[in-house]
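Asker: How does the following fold in three dimensions:
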Amino acid sequence: MFNNLHHIFAMAPQGQGGSGSLISMLVMFGAVILIMYFLMIRPQQKRQKEHQKMIENLKRGDKVVTTAGIHGTVTDIDGPSIVLQVSDNVKLTFEKTAIAAKK
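Answerer: Down below sits the predicted model:
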């Protein structure tokens, strides 16, 4: 049995220069991950931080647009909720996270 295993391993190709190929492949893989991080992940994190900062700095009288496209003026802020006046006698309550942008 051991003779058969020795024979199988003896027939396996001996990797001459294979470690250099492996290292270059790992370097290329690492480079692709870094490129993806700087082109996709990091800008998204930056946008999320800016959006969170905008939401935290909302105050009465600010004109905003919701993620649904509703334009309104902030009339009240109560914890995670915000009240927008969208017309003369129309006030709607939204979660702060539903605010997409400040006008």
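Asker: So for the lengthiest helix in the chain, mean pLDDT?
Answerer: Longest among the helix segments of the chain by residue count, using DSSP state H, is helix 18-36. Rounded to a whole number, the mean pLDDT of helix 18-36 is 88.
Asker: can you check stretch 86-93 too?
Answerer: So the average pLDDT for stretch 86-93 ends up being 95.
Asker: Quick check: end-to-end length of that stretch?
Answerer: When the termini of stretch 86-93 are compared using C-alpha to C-alpha, to the nearest Å, they are 10 Å apart.
Asker: Show me what that stretch is in contact with.
Answerer: By C-beta atoms under 8 Å, 6 or more residues apart in numbering, the surrounding residues in contact with stretch 86-93 are 70-72, 75, 81-85. To be clear about C-beta, it is placed using only N, CA and C from the backbone, and glycine gets the same treatment.
Asker: how about a cut-off of 10 Å?
Answerer: 66, 68, 70-73, 75-76, 78, 81-85, 98 (C-beta atoms under 10 Å, 6 or more residues apart in numbering).
Asker: Tell me which residues touch the residue nearest the centre of the chain, please.
Answerer: In the chain, the C-alpha closest to the average C-alpha coordinate belongs to Gln44, at a distance of 4.6 Å (C-alpha atoms, centre = their mean). With C-beta under 10 Å, 6+ apart as the criterion, no residue contacts Gln44.
Asker: Could you look up the SS state of it?
Answerer: helix (DSSP: H, G, I helix; E, B strand; the rest coil).
Asker: Glu95 reaches Leu84, doesn't it?
Answerer: No: taking C-beta atoms under 10 Å as the definition, Glu95 is not a contact partner of Leu84, at 11.4 Å.
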